[in-house]
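Peer 1: Give me coordinates for this.
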Amino acid sequence: METKNNFEEMMRKLSPTLRRITHKLNGHFTFFDEDDLFQEALEHLWLAFRDGTLGDKTDSYVLQGCYFHLKNYIRKTMDRAKLMSLSAAIDDDGSTVEDMLAYKDNSIEDTADSAILNDAIKVSALSEKEERVLSLSLEGMTVREIGQKIGVSHVMVIKIKSRIKEKCKALRIGHVNGYQS
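Peer 2: Numbers count the residues shown, from 1 in each chain. Take a look at the predicted model:
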């Protein structure tokens, strides 16, 4: 019972700072959030407390250990997360998620229009740098990783992505209205 009370007392002291740490580390992941990170940190602390490794440690040391544990946890989780492009083949016949969605939600004409639009975007609408950013984005890279890879700032990558969206919108509108780009 004494161990439980000591752990609860320690958590009362550390929880506000631990919440700030998990909030800071939360990168708006789809597979976990800051509450999941907080629970992971609590589990890590409980195991360390139970094993007696926290007895002579300062609060700062304990919180720094939690921070590093959570960073490692995020890295390992992201390594396990599967990122899939909508245009990646998912069947032996080469069909894609994009094809399946198009077939289910749209008529045959809309599917053909989408295929023509995708080809038009690939062929004429995007500059070489825009194509590279789009390709790297579809591979699941972050804005900062893309910036490092192509040698521009992350702000420039955001601007390039914005231009890609605008071009796609304009191309789609022109295509739907019967105009050629």
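Peer 1: Okay, domains of this structure per the record?
Peer 2: Per automatic domain parsing, the domain ranges recorded for the chain read 2-80, 97-176.
Peer 1: Check the ones you listed for me: which has the lowest mean pLDDT.
Peer 2: Among the domains of the chain, domain 97-176 carries the lowest mean pLDDT, at a mean of 70.
Peer 1: got the buried residues for stretch 128-135?
Peer 2: Buried residues in stretch 128-135, counted by 16 or more other Cβ atoms under 10 Å: 130, 133-134. For glycine as for every other residue, the C-beta is placed from the backbone atoms N, C-alpha and C.
Peer 1: how many neighbours does Thr58 have?
Peer 2: 9 (other Cβ atoms under 10 Å).
Peer 1: Also the one 4 residues further on?
Peer 2: Here the number of neighbours of Val62 (other Cβ under 10 Å) works out to 21.
Peer 1: Figure out the length between the terminal residues of stretch 148-156.
Peer 2: Start-to-end span of stretch 148-156 (Cα to Cα, to the nearest Å) is 11 Å.
Peer 1: in that stretch, what's buried?
Peer 2: Those would be Met156, for stretch 148-156 by 16+ other Cβ under 10 Å.
Peer 1: Show me what that stretch is in contact with.
Peer 2: By Cβ atoms under 8 Å, 6 or more residues apart in numbering, the residues outside stretch 148-156 that reach it are 129, 132-133, 136, 141, 143-144, 146-147, 157, 160.
Peer 1: now do stretch 11-29
Peer 2: 33-35, 37-38, 41-42, 45, 59, 62-63, 66-67, 70-71, 74, 77-78.
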